[in-house]
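Trainee: Quick one, what's the 3D model for this:
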Amino acid sequence: MHEVTHFCLPHLLPVLKSTARWVHEAFEFFEIVLATRYPYSCYKQVFIDESYVDVASFSTMAIMSTTLLASSAVIDQTYESRRQTTLAVAKQFFGAFIVGEKWSDRWLIEGLSAYL
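Mentor: You can find the predicted model right below:
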């Protein structure tokens, strides 16, 4: 498993632990389904306040809104948090292997990530 690091404000650390404890399973799923290893040596998730989008995925890093953090007692938020986090991990895989020539080719990464 590659190095996976999570960042948040110190007072959100307990909620971060409950939200991010299963992220390694998403990596394992994509590595099995795509039959390839994660293309980078590390992955970072940064949770920030007042984010303009819920998830912004970049090479080796995903910037996420703190609204995705939820304790294990909140069942409703868990599904949305896992969906958004898994989508960010999928974009890491497809963003490394598919390079568009034009801006209009961006739908390939977005569409394949959401499909898988």
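
Trainee: How about the contacts made by the most centrally placed residue in the chain?
Mentor: Among the residues of the chain, the one closest to the centroid is residue 88, at 3.0 Å (CA atoms, centre = their mean). Residues near residue 88 by CB atoms under 8 Å, 6 or more residues apart in numbering: 45, 55, 57, 62, 64. The way it works is simple: take the backbone N, C-alpha and C, and place the C-beta from them, glycine included.

Trainee: Could you tell me how many residues sit around the fourth one?
Mentor: It refers to residue 62. A count of neighbours around residue 62, defined by other CB atoms under 10 Å, yields 20.

Trainee: Over to residue 90?
Mentor: Neighbour tally, residue 90, other CB under 10 Å: 23.

Trainee: Now do it against residue 66, distance only.
Mentor: Distance of residue 90 to residue 66, computed by CB to CB, to the nearest Å: 22 Å.

Trainee: who does the one helix or strand residue 44 maps to pair up with?
Mentor: Per DSSP states H and E, residue 44 falls inside strand 42-48. Using DSSP bridges, strand 42-48 pairs in its sheet with strand 3-7 (parallel), strand 61-65 (parallel).

Trainee: Flag every buried residue along the helix or strand following the first one.
Mentor: The C-terminal neighbour of strand 3-7 among helices and strands, as given by DSSP H and E, is helix 13-20. Under the neighbour-count criterion of 16 or more other CB atoms under 10 Å, helix 13-20 has 15-16, 18-20 buried.

Trainee: ditto for stretch 87-97
Mentor: 87-95.

Trainee: ok, and for the strand or helix carrying residue 56, which residues are buried?
Mentor: Per DSSP H and E: residue 56 is located in strand 55-58. Buried residues in strand 55-58, defined by neighbour count with 16+ other CB under 10 Å: 55-57.

Trainee: mind saving the C-alpha coords of the longest helix along the chain as CSV?
Mentor: Longest helix of the chain, by residue count under DSSP state H: helix 75-97. Presented in CSV, the C-alpha positions along helix 75-97 are these (Å, rounded to 0.1, in the frame of the first residue of the first chain):
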residue,chain,number,x,y,z
ILE,A,75,-25.3,7.1,9.2
ASP,A,76,-26.8,9.4,6.5
GLN,A,77,-23.6,11.3,5.9
THR,A,78,-21.4,8.2,5.6
TYR,A,79,-22.8,7.2,2.2
GLU,A,80,-22.2,10.6,0.7
SER,A,81,-18.7,10.9,2.2
ARG,A,82,-17.7,7.5,0.9
ARG,A,83,-19.1,8.2,-2.5
GLN,A,84,-17.2,11.5,-2.9
THR,A,85,-14.0,10.1,-1.5
THR,A,86,-14.1,7.0,-3.8
LEU,A,87,-14.8,9.3,-6.7
ALA,A,88,-11.6,11.3,-5.8
VAL,A,89,-9.6,8.1,-5.7
ALA,A,90,-11.0,7.0,-9.1
LYS,A,91,-10.0,10.3,-10.6
GLN,A,92,-6.5,9.7,-9.4
PHE,A,93,-6.3,6.4,-11.4
PHE,A,94,-8.0,7.7,-14.6
GLY,A,95,-6.2,11.1,-14.5
ALA,A,96,-2.9,9.4,-14.6
PHE,A,97,-3.7,7.1,-17.5
